[in-house]
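Asks: have a look; sequence and predicted model below, questions after that.
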Amino acid sequence: MTVHGSEFLAEERRKPGFFIKAVMNDAGIKFFSGARQHRDTKVPGISYEDDYRGNALAVIVQPGKVEIRFHKDFSDDHAARLWREVAGSSEGEFTRGWRVTYQGREINV
């Protein structure tokens, strides 16, 4: 999994009450400021668009929980597999054991 924004992530996650956003798909994940919109952050091969027109999932990361927003092209298993890859990376390992939801339902990662 290619991780974009790892320097931002490393700095931001040290802040109490952090609020980090990301977009992810099979090509990788891009972490960015919670002040930005998912649709406004793109890297080659990873693009979230409103109304499921993009090829990526929207993600919100807060202390102890990860929320993956629904996208019609991604099953629960696919979303879980992608987050397992993130949590298995050196950048995302801090989220291991956290509650992860997709479509508001907890998923096994």
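Replies: Sure thing, it's come through. Numbers count the residues shown, from 1 in each chain.
Asks: just the buried residues of the lengthiest helix in the chain, please?
Replies: The helix spanning the most residues in the chain, taking DSSP state H as the definition, is helix 76-88. For helix 76-88, burial by neighbour count (16 or more other Cβ atoms under 10 Å) applies to 79-80, 82-87. To be clear about C-beta, it is placed using only N, CA and C from the backbone, and glycine gets the same treatment.
Asks: ok, and the closest non-adjacent residue to the residue in the chain sticking out farthest from the centre?
Replies: Here the chain reaches farthest from its C-alpha mean at Pro16, the gap being 19.0 Å by Cα atoms, centre = their mean. Using Cβ to Cβ, 6 or more residues apart in numbering and skipping the chain neighbours, the partner closest in space to Pro16 is Pro63 (7.8 Å).
Asks: I'd like to know how many residues surround the one you found.
Replies: 13 (other Cβ atoms under 10 Å).
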